[in-house]
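Colleague: My questions concern the predicted model and sequence given below.
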Amino acid sequence: MTPSFATLIRRPTLGGALAAIGGLILFAYFLRRAGITDVADGIRRVGWVFLIVVALQGLRFLTRAAAWLMCLERPHRLNLWQAFQAVMVGDALGNLTPLSLLVSEPAKAMFLLHQEPLKRTLSALTIENLFYTLSAALMITSGLVALFLRLRSPEGLWLVITMLFLAVASLIFVFHWMIWRRVPVASGTVAWLGRRGVAPNLFGGVVERVRTFEEHVHVLYPRDWSRLLSVTALELSFHGLAILEIFLVLSLISGQRATILDAFIFESTNRLIQVVFKFVPLRIGVDEAGTGMFADLLAFGTLVGVTLAIVRKARMLVWMTLGVAVLVQRGLLFEEVRAMSSPTNNVALVVMARSPAGGQPPKTRLIGAVTTEDACRRLYAAFLEDTIRTCQGIKGTVLRVAYTPDGGTEGLRELGLKEKELMPQRGNNLGARERNVFRDLFTAGFSKVVMIGSDLPTLPARHITEAVMRLDRNTVVLGPSEDGGYYLIGLALAGPEILIPEVFNNISWSSSSAFKDTAAAVDRAGLTLELVPTWYDVDSNEDLARLRTDLADPEHAVWAPRTTKVLREIFSGETEDKR
């Protein structure tokens, strides 16, 4: 079941409240120690440059968003702007609550829930966070080395810190090497603990889930050097922009000359403070105390440290406000996510479609009866519109339209479809695409999925409703079509793991034996086959002639109003000739 934002933003806990109170006390103490008037004067010296500080933070969000996209399995339908908004929203929620990463990272993926399945975006986030965490560890240890060099500490001490830096760098290398070689560290550790009798109920039950997730991470890990180096460069740029921001502010508020090395040390200590005190909302007081003490250590003085921390806190508040505003603009997503998570509304109806306006015109087999490519496009758009209208009228279900990569979403939004209702088909053949659509929808939180074609303008809604009713974890529902294929297939989750039955292999697609082959595959999989009434899709001139006959009856024309209208327009000349 897909979690909702409501489960992420809970009532404040006692620990969170105490952390916030402690932070406020620290903030008040260090602000008074630095001098309120002097701090205000330092902030005034920043002036309009604060806009540059805010812009630099936006660029940092952009680098994390770009790194996330590079870790996402292709094809996907996310763009940089969508990922940027998700990062901004996640950062805002993470800073507002004491749960930090436990909120911010799931929130990023959930914000994009209607663009990509949760499992895909979360797996990609795991990879991106791995790169970020290792870069932050490198930043912190190298900052410690720089700090001791800056203070001209005894030779033996900086040598120890340098060895620590090399150890962390080696650990980072080993970590990447294990993922590169697909070493099952997480699942192996969980299985080993289970075999040793350590919390067998816990570890024994999750080992398969951990293995599945770990395999997904291994698949997503960038394996070509260009992507690997690009993600690394983006994560390092994230830290580089922060160093530039600190150098800029220090140059304005400090009475002594600041260097890039000073800014580097401040940023590395800031990373350390963030890691240690993530549980403090907004890190209120902690930033001011930590930065003030390190400023004293570097001979800048507490005033400079506290002022620097407050300027950065103000920048954080600006982006938090923007993040919350984006969340509110999206309707907070609470109701939509709850609707998907609700056991009474976890059925997806998915229409397999292609763009009516794509490069290759649809329904070219009707060219004999429909004389122009433009007429084919108009007729197919009408089929699709009536099919979608039928699905939208079935209560307790959620509509999705899965589009082929060749035409993308061009021409689909004109049919009144929302962004969240569109999803890409992935795969080299029809069987792979159908399998992946089921997998993506199950991953997104649906427990039942009914898939139909897009050329069924007269399909009765009761056939789809019957398919939903017949679905359970041991059945596959098929709707046979009169040409020997099937117009409908339905699957349900068989358990907590997302396992798609082998009913899409060894099928003679687009042939008169497709239904028979699939029925045999269902039998081999040990599942029960349930059938709904036979219907016809419009693939040939004979099918089109039958459709025209059906819709010529005024009582039947209400089944497919858009198709009826387009057919009359296309064949109006033919009707006049007959007269």
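Modeller: Now that the structure is in, tell me what you want to look at.

Colleague: how many neighbours does R44 have?
Modeller: 10 (other Cβ atoms under 10 Å). No exception for glycine: its C-beta is placed from N, CA and C like everyone else's.

Colleague: Then it would be within a helix, right?
Modeller: Yes. Secondary structure assignment places R44 in a helix (DSSP: H, G, I helix; E, B strand; the rest coil).

Colleague: when you give positions from now on, start the count at 433
Modeller: Yep, numbering from 433; the last one is R476 now.

Colleague: pLDDT at it, what is it?
Modeller: At R476 the predicted local distance difference test score is 81.

Colleague: Distance of it relative to F679?
Modeller: Here R476 is placed at a distance of 19 Å from F679 (Cβ to Cβ, to the nearest Å).

Colleague: now P538
Modeller: From P538 to F679 the distance is 34 Å (Cβ to Cβ).

Colleague: Next: S1004.
Modeller: Relative to F679, and taking Cβ to Cβ, S1004 is found at 73 Å.

Colleague: If you count surrounding residues, which of the two has more?
Modeller: F679 (18 against 10).

Colleague: for the residue lying closest to the more buried one once chain neighbours are set aside, phi and psi?
Modeller: Using Cβ to Cβ, 6 or more residues apart in numbering and skipping residues adjacent in sequence, the residue nearest F679 is A695, 3.8 Å away. Dihedral angles phi and psi of A695 (degrees, to the nearest 10) take the values phi -60, psi -40.

Colleague: And L781, by the same measure?
Modeller: phi -100, psi 120.

Colleague: now L925
Modeller: Torsion angles at L925 (phi, psi; degrees, to the nearest 10) stand at phi -60, psi 130.

Colleague: can you pull the contacts of it?
Modeller: L925 is in contact with 874, 879-880, 905, counting by Cβ atoms under 8 Å, 6 or more residues apart in numbering.

Colleague: Which ones among these lie within strands?
Modeller: K880 (DSSP state E).

Colleague: The protein: strands as residue ranges?
Modeller: Secondary structure of the chain (DSSP E): strands at 779-785, 829-835, 854-856, 880-884, 907-912, 918-924, 960-963.

Colleague: mean pLDDT for those strands: which is lowest?
Modeller: The stretch with the lowest mean pLDDT among the strands of the chain is strand 854-856, at a mean of 87.

Colleague: And stretch 753-762, what's buried?
Modeller: Neighbour counts over stretch 753-762 (16 or more other Cβ atoms under 10 Å) mark 754-756, 758-759 as buried.

Colleague: I'd like to know which of the residues you listed is nearest to T803.
Modeller: When the buried residues of stretch 753-762 are ranked by distance to T803 (Cβ to Cβ), V758 comes first, at 49.0 Å.

Colleague: My read is that the closest one contacts A518, right?
Modeller: No. Taking contacts as Cβ atoms under 8 Å, V758 lies outside contact range of A518: 9.1 Å.

Colleague: Would you map out the domains in this protein?
Modeller: Using automatic domain parsing, the domain ranges for the chain come out as 466-503+520-613+654-768, 775-1010.

Colleague: which stretch in these is the model least sure about?
Modeller: With a mean of 78, domain 466-503+520-613+654-768 has the lowest mean pLDDT of those.

Colleague: so how far is that one from its chain's centroid?
Modeller: The chain centre lies 22 Å from the centre of domain 466-503+520-613+654-768; the measure is Cα atoms, centre = their mean, to the nearest Å.

Colleague: ditto for stretch 857-868
Modeller: From the chain centre to the centre of stretch 857-868 is a distance of 20 Å (Cα atoms, centre = their mean).

Colleague: list the contacts for D955?
Modeller: D955 makes contact with L961, according to Cβ under 8 Å, 6+ apart.

Colleague: do you know which of the strands of the chain lies nearest F732?
Modeller: Between the strands of the chain, strand 854-856 lies closest to F732; by Cβ to Cβ that is 52.4 Å.

Colleague: What helices and strands are in contact with that closest one?
Modeller: Secondary-structure packing of strand 854-856 (3 or more Cβ pairs under 8 Å, 6 or more residues apart in numbering; DSSP states H and E): strand 829-835, helix 862-875.

Colleague: Pull the distance from that strand to the chain's centre.
Modeller: Relative to its chain's centre, strand 854-856 lies at 13 Å (Cα atoms, centre = their mean).

Colleague: Show residues contacting that strand.
Modeller: By Cβ under 8 Å, 6+ apart, the residues outside strand 854-856 that reach it are 507-509, 782, 832-835, 837, 841, 844-845, 869, 872-873.

Colleague: For PyMOL, what selects the buried ones among those residues?
Modeller: To isolate the buried ones among those in PyMOL, judged by 16+ other Cβ under 10 Å, type:
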select buried, resi 508+509+782+832+833+834+835+841+844+869+872+873
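
Colleague: Just give the number of residues close to the residue nearest to F679.
Modeller: A695 has 21 neighbouring residues, counting by other Cβ under 10 Å.

Colleague: does V882 really touch V779, like I thought?
Modeller: Yes. Checked against Cβ under 8 Å, the pair V882 and V779 is within contact range at 7.1 Å.

Colleague: quick one, which of those two is more surrounded?
Modeller: Under the neighbour definition other Cβ under 10 Å, V882 and V779 were set side by side, and V882 has more, 27 against 20.

Colleague: Can you tell me how far L491 is from I896?
Modeller: Taking Cβ to Cβ as the measure, L491 falls 48 Å from I896.

Colleague: more neighbours, these two?
Modeller: For L491 and I896, the more surrounded residue by other Cβ under 10 Å is I896, and the numbers stand at 24 against 13.

Colleague: Pull up the gap between the more buried one and T822, please.
Modeller: 7 Å.

Colleague: can you check V783 too?
Modeller: As for V783, its distance to T822 is 9 Å (criterion: Cβ to Cβ).

Colleague: Of the contacts of strand 854-856, which is the nearest to A556?
Modeller: So of the contacts of strand 854-856, ranked by how close each gets to A556 (Cβ to Cβ), first place is H508, at 8.7 Å.

Colleague: okay, the closest one: pLDDT?
Modeller: Looking at H508, its pLDDT stands at 68.

Colleague: if we can go back for a sec, mind giving me a markdown table with the domains of the chain and columns for distance to V642?
Modeller: Below are those laid out as a markdown table (distance: least, Cβ to Cβ, whole Å):
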| stretch | distance to V642 |
| --- | --- |
| domain 466-503+520-613+654-768 | 12 |
| domain 775-1010 | 12 |
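
Colleague: between those domains, which gets nearest to R643?
Modeller: Among the domains of the chain, domain 775-1010 comes nearest to R643, with 10.1 Å by Cβ to Cβ.

Colleague: show me the biggest helix of this protein in terms of residues.
Modeller: Criterion DSSP state H: the longest helix present in the chain is helix 550-582.

Colleague: on contacts alone, who are the packing partners of it?
Modeller: Looks like helix 550-582 contacts helix 481-502, helix 533-543, helix 587-612, helix 632-652, helix 657-685, helix 692-708, helix 862-875 (3+ Cβ pairs under 8 Å, 6+ apart).

Colleague: what about V970, neighbour count?
Modeller: Neighbours of V970 (other Cβ under 10 Å): 24.

Colleague: ugh, wrong one, L983
Modeller: If you count neighbours by other Cβ under 10 Å, L983 ends up with 21.

Colleague: How about N702?
Modeller: N702 is flanked by 25 other residues according to other Cβ under 10 Å.

Colleague: so what's it closest to, chain neighbours aside?
Modeller: Spatial nearest neighbour of N702, excluding adjacent residues (Cβ to Cβ, 6+ apart): T723 at 6.9 Å.

Colleague: so what's that neighbour up against?
Modeller: 698, 701-702, 705, 737-738, 740-741 are the contacts of T723 under Cβ under 8 Å, 6+ apart.

Colleague: Reformat those as a markdown table; add distance to V718.
Modeller: Listed next are the contacts of T723 as a markdown table, based on distance: Cβ to Cβ, whole Å:
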| residue | distance to V718 |
| --- | --- |
| F698 | 15 |
| T701 | 12 |
| N702 | 11 |
| I705 | 6 |
| G737 | 12 |
| V738 | 12 |
| L740 | 14 |
| A741 | 9 |
